[in-house]
Every structure is written in C-alpha cells, then in structure tokens.
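*Asks:* Provided below for reference: sequence and predicted model.
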Amino acid sequence: MGEVDPAFIQDVEHRPKLAATQAEGIPLIDLAALAGYSPSDGAVADSAAIEGLVAEIGEACKKWGFFAVVNHGVAAEKRERIEREAREFFGQGLEEKKKVRRDEKRAVGYYETEHTKNVRDWKEVFDFAVQEPTLVPASLEDGEEGVIEWNNQWPECPPGLREACEEYAHELQKLARKLMGLIAQSLGLPANRFDEFFKDHTSFVRLNHYPPCPAPQLALGVGRHKDSGALTILAQDNVGGLEVKRKSDGEWVQVKPIPNAFIINVGDIIQVWSNETYESVEHRVMVNSEKERFSIPFFFTPPHYTMVQPLKELTDEHNPPKYRPYNWGKFLVTRRTSNFKKLEVENLQIHHFRI
C-alpha cells in the first residue's frame, strides 16, 4: 500500500482534519458491579449499583451512542492473545493471506479492497463468524426461504489464530449479552427482553490492520459509516484513530485509547428496536503516516430470520413506529455482496425502511 491510489482519496468535504478534537466527553463506565451478575437469569447483584449502571448507559446511548467500559470481565490474556495472533497473520506476505481471501461465495476470511461509501478503505481485514456455520438467506428475493451456510476459512499460519479467535469470541458474546440486558433496562424493558433475538445469531468478529499511510490527510482507514447490527464491542490498540460524530454539534471527535477498555456503540438495529430513543452514530477511522494500527470489532447481530422493527412496548399512538419491518438476513447479505463492487447507488440503509 505504498503511494496513494486515487481509489483511496476521499472527497474534500469528507477528508480528515489531522488536528481533530479529542473526545473527552465519551462516557467511561465501570462495569465492576456486573461481576457474577447475569441479567437474564435473574442472579442477584447490588441492585442500587445496577440501577446506577443502567442510568449511565441510558444517558451514554442517548447523548453519544458510544461509551467505553472497564472492569468488563474479559480476561486480559484472551485479548492479548488474539492481538498477538492478528499481528502475526497480517505480518505475512500478501500471497499467504490471499489463501483465505473472501469472495462472493466465501463471505468470511481475508480482504484488502473494502469500500465504504464507494471509496476504498486504507486497511486489510480478516473476518470470522462467531457461530459456525452461520446461516443466511440463499436469495435476496422476498418470499424465498432457502438458506446457505457461511463457514470460516482459517489460515495454516499462524497456527494459533483459530483457537485465539474462538476463545475471544466466546468471551465477547458473554459481555454483549450483559450489555444488551443493561440497554434493555435503560429503555424500561425487562433485562431479558432482547434474549429471544440472540438464541441463534449472525455475529462476526473482524481483525483490522491499518498500515501507515503516506497521505493521511486524503485517505481514511474506514470512511464515515454507521454499524448496521445491534451492538459493536471494539478493542483498539494504543495508536488511536477512531473518530465519532458528536451528536450535539456534528463535529468529528477522536476517541482516546484507554488501556484494557472496550469501546461500545449501538447500531442501527437498536435504533429501530428503540424507535429512535437511541441512535446509531456515524464514525470513521483516521490513519497516520508513521504507525500501523490494529483494532478488533465484535459485531453482535441477530439470526437471519429476524424481522427488525420497533418494539411494541416502545410505540403507541403518540409515538407510532418510525420503521416498517425488514428481514435482517436479507439486509446483511445485500450489504455483504456490495463490498465486492463499486455501487452506482447508495448501499442499503435503514432509512430506506423509514415510514
């Protein structure tokens, strides 16, 4: 990725400001009160502490759509191990990585030419599905019910990558379910309200590598976008580069790396389920000319057969549903397919289902 190919260059209005505002405001939430607590099984925890957490998370979701968590219960060695294996995988030659390259038939694996908003991202990725196999619709046509399997492609090298990834995904699932319980409570719903949507799921984990970029003022590691799933849990290294569009004024602000913290953001599905009580917020990734950067997002998403729509408990005649139902599996496959070609039209978005 030496000199900058025009395919990477952002339109002028979307280019990063290299001296961006630091987002001191993204809330940092301590989950220590959750130790030994599982919202779904009704295990007893200090209810005052949990109520405080619920209020903090509700405020963060409303004001930012993003927050950081510490004391989250994910063992540091699990995270360190997957980060080590990711560095080793991306450190190999392109030919080696391309042995597990994804394509239109194999939806997960290595990929180096991803586009966001039709501009190429300055990064390479390795994706794997959390459930294997992951079932998705075989056809995008309405009324077509057939499914196909997405199976992971694991490289021979590094040999420890698969185990590190599977162990990490197992830990992150547990954290995601706890967070969904707290988010449910913050919306005035029972803690287990979202459980039915994640008995099966289509969740996946992405290993991101952003090499140094000779023109960081022209390109982005990932262009501006919103996450289409329910919840994202991001592990980032100490280099930094994530920027969030602040809801209060539309400014892009940097999210400072915090040691051992995860960055959490609500996705489009929670925006729809909550009928816009919470919003999915635009974010992007800057690159720099000196340092490579690594990050690992976990995307928590429901099973393919889920019809995503505002929850009945959160709508009434004064607050009618703002979205018509859409099938998550068909939405997911449409978005995935679009990664392989430059589109002439805007990619599928939830606003296409807005009433």
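*Replies:* Received, thanks.
*Asks:* CA atoms for contacts and neighbours, from now on please.
*Replies:* OK.
*Asks:* helix, strand, or coil at Ile183?
*Replies:* Using DSSP: H, G, I helix; E, B strand; the rest coil, the structure places Ile183 in helix.
*Asks:* from Leu189, how far out is it?
*Replies:* Taking C-alpha to C-alpha, to the nearest Å as the measure, Ile183 falls 9 Å from Leu189.
*Asks:* between the two, tell me which one has more neighbours.
*Replies:* Ile183 (25 against 15; other C-alpha atoms under 10 Å).
*Asks:* now do the contacts for the more buried one.
*Replies:* By C-alpha atoms under 8 Å, 6 or more residues apart in numbering, Ile183 lies in contact with 54, 57-58, 191.
*Asks:* which SSE is Thr202 in?
*Replies:* If you go by DSSP states H and E, Thr202 is not part of any helix or strand.
*Asks:* for it, which residues are in contact?
*Replies:* By C-alpha under 8 Å, 6+ apart, the contact list for Thr202 reads 129-131, 134-136, 300-304.
*Asks:* hang on, the earlier thing: closest to Leu234 among the contacts of Ile183?
*Replies:* Using C-alpha to C-alpha, Ile57 is the member of the contacts of Ile183 that sits closest to Leu234, with 16.4 Å.
*Asks:* tell me which helix or strand that closest one sits in.
*Replies:* Element membership for Ile57 (DSSP H and E) is helix 47-63.
*Asks:* what is the mean pLDDT for that helix?
*Replies:* The pLDDT scores in helix 47-63 average 93.
*Asks:* who's in contact with it?
*Replies:* 26-27, 29, 31, 33-34, 66-67, 182-183, 185-187, 247-248, 265-266, 277-279.
*Asks:* ditto for stretch 322-336
*Replies:* 107, 136-137, 139-140, 272, 275-276, 302-310, 347-348, 353-355.
*Asks:* now list the buried members of the residues you listed.
*Replies:* Buried members of these, counted by 16 or more other C-alpha atoms under 10 Å: 107, 136-137, 139-140, 272, 275-276, 302-306, 308-310.
*Asks:* surely Pro257 and Leu234 touch.
*Replies:* No: Pro257 is beyond contact range of Leu234, at 10.8 Å (criterion: C-alpha atoms under 8 Å).
*Asks:* what's the neighbour count on Glu112?
*Replies:* Neighbours of Glu112 using other C-alpha under 10 Å come to 19.
*Asks:* so who does the nearest residue to it once chain neighbours are set aside touch?
*Replies:* Among residues not flanking Glu112 along the chain, Glu124 sits closest, at 4.3 Å (C-alpha to C-alpha, 6 or more residues apart in numbering). Going by C-alpha under 8 Å, 6+ apart, Glu124 touches 110-114, 208-210.
*Asks:* go again using 10 Å as the cut-off
*Replies:* Glu124 sits next to 90, 110-114, 207-211, 221 when contact means C-alpha atoms under 10 Å, 6 or more residues apart in numbering.
*Asks:* restricted to strands, list the residues you listed.
*Replies:* Secondary structure defined by DSSP state E assigns 110-111, 207-210 of the contacts of Glu124 to strands.
*Asks:* now distance to Ala169 too, for those residues, in TSV please.
*Replies:* Listed next are the ones in strands among the contacts of Glu124 as TSV, based on distance: C-alpha to C-alpha, whole Å:
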residue	distance to Ala169
Tyr110	18
Tyr111	20
Leu207	12
Asn208	15
His209	18
Tyr210	22
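*Asks:* which of these sit farthest apart?
*Replies:* Taking C-alpha to C-alpha as the measure, these span a maximum distance of 13.7 Å, between Tyr110 and Tyr210.
*Asks:* identify the contacts common to these two.
*Replies:* Residues touching both Tyr110 and Tyr210 (C-alpha under 10 Å, 6+ apart): 90, 124-125.
*Asks:* let me know the closest of these to Ser295.
*Replies:* In terms of C-alpha to C-alpha, no member of the shared contacts of Tyr110 and Tyr210 lies closer to Ser295 than Val125, at 9.8 Å.
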